[in-house]
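J.: Need coordinates for the below:
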Amino acid sequence: MTKRSSLMILIADDDPDLRDILRSILEPAGFAVVEAADGAVALEAVRSQRPDLVILDFTMPGLTGPQVCEQLKEDTFLQHIPVIMLTGKSEVQDKVFGISAGADDYLVKPFEPQELLARVQMVLRRTIRDLEANPLTKLPGNVSIQRELDRRLASGRPLAVGYVDLNRFKAFNDHYGFKRGDEVIQRTAEILLEAVRAHGHPMDFVGHIGGDDFIVITAPDRADALCRAIIRAFNDTAPTFYDEADRRRGHLLHTDRKGRQITVPLLSVAIALVTNETTALTHAGQVATLWVELKAYAKQFEGSVYVKDRRQPPSR
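T.: From the prediction side, this is the model:
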């Protein structure tokens, strides 16, 4: 797994000369730059590469800048990515139209390089502050999670909330070090996003509570398939986190903090799934209480598992 060393910015503009100008400003400032010549390509690039910021031209062939922006802001996985709209016009209505489409800021062409950089840095700072995005996974953090959960509970619509936790992550982290542990966390985030894309809905939500704890919000009719997909993908991936000798052995020989050598099974994933199908849920405290019970129940089983109710056997 490779780690991005710098923030990535996607430039979407049908003018190659302007893209070259933007690249010449952004790359020396330490940003990685990806280009798209039209709106459709820009959407695909955002979905596949998840840049940290998107610079959209207002007028492009096919999908316009505002149309691309609207689609991004309607997608739960992408809506946190900030957008700066570029326009060649200075009329107030064009600025308003761009902001109404969901753009976080706008810039009128031609622009000064220092102004562009200032706008980019301001929008990135504001986005991190507002979303409290986890710096490791870039997923929404606790503030956004609380806001999203409160909003969905208040709607009263069918809801399924999965608390995703890794079993034996602490021992893995102690044994291999924080860098390898961070790679596990990043890959787990990717697995959750990939599973939701394949088996969920664009309005589903994935958040990073912290450490090896995540949250997935979906609907009850999608929850079982989603949990099974997460477990399959994690079980397929988990052995690759280990050195060859540990992988062949099927477990970790770890020296604990008291100097004792202990056998630690390979990492697995536990999902505590709470729904409002049979129990009315009105506030996050109820969800947290049920999570604690279900998580304790899930820990009784070896390997990856998800549980929906303590009175039922685990589903695998």
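J.: Spatially nearest residue to residue 205, not counting backbone neighbours?
T.: Closest residue in space to residue 205, ignoring its immediate chain neighbours: residue 217 at 4.0 Å, by C-beta to C-beta, 6 or more residues apart in numbering. (Each C-beta comes from the backbone N, C-alpha and C, glycine too.)
J.: Please look at the one you found and residue 150 and confirm they touch.
T.: No: taking contacts as C-beta atoms under 8 Å, residue 217 lies outside contact range of residue 150: 11.4 Å.
J.: Just give me how far stretch 199-218 sits from the chain centre.
T.: Averaged C-alpha coordinates place stretch 199-218 at 8 Å from its chain's average position (C-alpha atoms, centre = their mean, to the nearest Å).
J.: who touches it?
T.: Residues lying outside stretch 199-218 but in contact with it, judged by C-beta atoms under 8 Å, 6 or more residues apart in numbering, are 74-77, 134, 136-137, 139-142, 144-145, 148-149, 152, 159-166, 169, 184-185, 188-189, 192-193, 196, 219, 222, 225-226, 229-230, 271.
J.: Quick one: mean pLDDT for that stretch?
T.: For stretch 199-218, the per-residue pLDDT values average out at 92.
J.: With stretch 35-42 instead?
T.: For stretch 35-42, mean pLDDT is 94.
J.: Any buried residues in that stretch, and which?
T.: Judged by neighbour count (16 or more other C-beta atoms under 10 Å), stretch 35-42 contains these buried residues: 35, 36, 37, 38, 39, 40, 41, 42.
J.: Next SSE downstream of the helix or strand containing residue 54?
T.: Element membership for residue 54 (DSSP states H and E) is strand 53-57. The first helix or strand that comes after strand 53-57 along the chain, using DSSP H and E, is helix 65-74.
J.: Next, the angle from that following helix to strand 53-57.
T.: Calculated by axes from the mean of the first three to the mean of the last three C-alpha atoms, to 10 degrees, helix 65-74 forms an angle of 150 degrees with strand 53-57.
J.: Which strands and helices lie in contact with helix 65-74?
T.: Judged by 3 or more C-beta pairs under 8 Å, 6 or more residues apart in numbering; DSSP states H and E, helix 65-74 is in contact with helix 39-49, strand 53-57, strand 83-87, helix 92-100.
J.: The longest one packs against which elements?
T.: Using 3+ C-beta pairs under 8 Å, 6+ apart as the contact criterion, the neighbours of helix 39-49 among helices and strands are strand 8-12, strand 32-36, strand 53-57, helix 65-74.
J.: Pick out the residue nearest the middle of this structure.
T.: residue 139 (3.5 Å; C-alpha atoms, centre = their mean).
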